[in-house]
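Participant: mind folding the following:
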Amino acid sequence: MNSLKKFDQKYYTKKIKLIAGVDEAGRGPLAGPVVAAAVIFNNKSFHPEITDSKKLSEQKRNYLYKWIIENSLSYSVCVIDNFIIDEINILQASLKAMKIAVENLSIAPDLILIDGNKTFQHSTKLFPIVKGDSKSFSIAAASIIAKVTRDKIMNELSNDFPNYDWAKNKGYATKKHREAIIKFGETIYHRKTFLKKLYSQKQQIEIFNE
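Facilitator: Numbers count the residues shown, from 1 in each chain. Okay, the predicted model is just below:
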């Protein structure tokens, strides 16, 4: 048992037997959805390699994704598209996705552990855990499910929009991605509210070069 599993163990009591870990992927990208996942294990389920998805290789994430699905008591995913992100902002979209992911679990948790310092309203008790994906076993598992799910979505979208290199950058603001937006324009999958800063920088450069 590693430190992540030990972290979760301290929350189990006679009344708390089912803990849901919740995390999201895709708050920062310029394009694509934000994806949240919720995962419940029994308190004996364990895999020593589960940790924050950002610390794992793509191959390892895909392997652990399958393990989590096969060994969890329940898991759920919610995808919130870029249109809703633009409408309600990324923080609210992330919280909405996490709330829906929890509500779609096939069994109800006794406690919810959330990555970050924000929570959503729920009848079940919630604990926000800063850097929870590197502290909690269940949150780390949720981070893997969310990341792998979102990466698959961006890989598929990249087939239709190859100029933006989404298969590699997953919609994040890499140099190649930013240059593609300036050259080819935005797609229907870009977050318009996220592009304002990019366009502002472009205008400043053009004014400077005049």
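Participant: give the buried residues for stretch 162-169.
Facilitator: With burial defined by 16 or more other CB atoms under 10 Å, the residues of stretch 162-169 counted as buried are 164, 165, 166, 169. In short, each C-beta sits where N, CA and C put it, glycine included.
Participant: which one of those residues is nearest residue 1?
Facilitator: residue 169 (36.3 Å; CB to CB).
Participant: in strands only, show me the buried residues of stretch 162-169.
Facilitator: Judged by DSSP state E, the buried residues of stretch 162-169 include no members of strands.
Participant: now, the most widely separated pair of the residues you listed?
Facilitator: By the measure CB to CB, 164 and 169 form the most distant pair in those, at 7.7 Å.
Participant: what touches both of those two?
Facilitator: Residues touching both residue 164 and residue 169 (CB atoms under 8 Å, 6 or more residues apart in numbering) are residue 177.
Participant: picking that back up, so which of the buried residues of stretch 162-169 comes closest to residue 152?
Facilitator: Once CB to CB is applied, the member of those that ends up nearest residue 152 is residue 166, at 11.5 Å.
Participant: quick one: contacts for the closest one?
Facilitator: 31, 32, 154, 155, 157, 158, 177.
Participant: list the helices and strands the strand or helix carrying residue 102 packs on?
Facilitator: Counting by DSSP states H and E, the element that carries residue 102 is helix 90-103. Counting contacts by 3 or more CB pairs under 8 Å, 6 or more residues apart in numbering; DSSP states H and E, helix 90-103 packs against strand 19-25, strand 34-41, strand 74-80, helix 82-88.
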